[in-house]
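> Below are the sequence and a predicted model for it; my questions follow.
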Amino acid sequence: MVQLRLATVADIPAIMDIANWYAANTPANFAVVPEPLAMWEQAWREQRERYAWIVAEATADDGAADETAIVGFAKASPFRTRCAYNWTIETTVYLRAGWHGRGLGRDLYERVLSISRKQGYRKAIGGITLPNPPSVNLHEHFGFRHIGTMFRVGWKFNQWHDVGFWELEFDGGDSREPTENIALVADVLAK
């Protein structure tokens, strides 16, 4: 059984382990050395009120509470730091090796996108190291559209990698002024 929920500080080591596995084994994550726990904990502390961090927690079939594991995560984060970008997020989703093909990535992304939309964000950006058909399909399933590719921007595993960018406009491209303030994650979930 898999349950989706907001990440807690206790989940950060598992989130870091999943992300670091991708950094060590794939070009999907451009980190070239394992990222430290302190960096992940700081990012979570700084972002958790304004950006949804969701984990997928698997429980053993017998329901034993001590047999749970974080098998994936998705998160929203700031797209850029300048204030004019406040209504745009960058999205990320990773699954533990062996958990692909079960629809879990879609479930995680759906939750993060739904919360972000309700908070008042207007646009989500996803960056994908190419080629990566499963990630492209995931983004396009939710209505993201390809907006461009940066060629040979990342050097990893002794070769250059391209990164494509996909965007999702939550409001369908409405040009009205955005909400004055983005709602906090907890306030959206309390409704």
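Good, I have the coordinates. For clarity, every value in this text was computed on a predicted model and none was experimentally measured.
> quick one, helices of the chain?
Along the chain, the stretches classed as helices by DSSP state H are 12-25, 37-47, 104-119, 133-141, 185-190.
> Strands along the protein, start to end?
Assigned by DSSP state E, the chain shows strands spanning 2-6, 53-59, 68-78, 88-95, 123-130, 145-156, 159-169.
> Could I get the ones you listed in a markdown table, plus columns for mean neighbour count and mean pLDDT?
C-beta: built from backbone N, CA, C; applies to glycine. As requested, the strands of the chain are exported to a markdown table (neighbours: other CB atoms under 10 Å; pLDDT from 0 to 100):
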| stretch | mean neighbour count | mean pLDDT |
| --- | --- | --- |
| strand 2-6 | 14 | 96 |
| strand 53-59 | 20 | 96 |
| strand 68-78 | 20 | 96 |
| strand 88-95 | 21 | 97 |
| strand 123-130 | 20 | 98 |
| strand 145-156 | 12 | 98 |
| strand 159-169 | 17 | 97 |
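> Does Lys118 touch Val188 like I think?
Yes: contact criterion CB atoms under 8 Å: Lys118 and Val188 qualify, at 4.5 Å.
> Burial check on Glu46, number of neighbours?
Neighbourhood size, Glu46 [other CB atoms under 10 Å]: 12.
> Phe144 versus that one, what's the distance?
Distance of Glu46 to Phe144, computed by CB to CB, to the nearest Å: 26 Å.
> just Ala43 next, same as before
23 Å.
> Over to Glu167?
With distances taken as CB to CB, Glu167 is found 6 Å from Phe144.
> tell me, what's touching those two both at once?
Counting by CB atoms under 8 Å, 6 or more residues apart in numbering, the residues touching both Glu167 and Phe144 are 124, 126.
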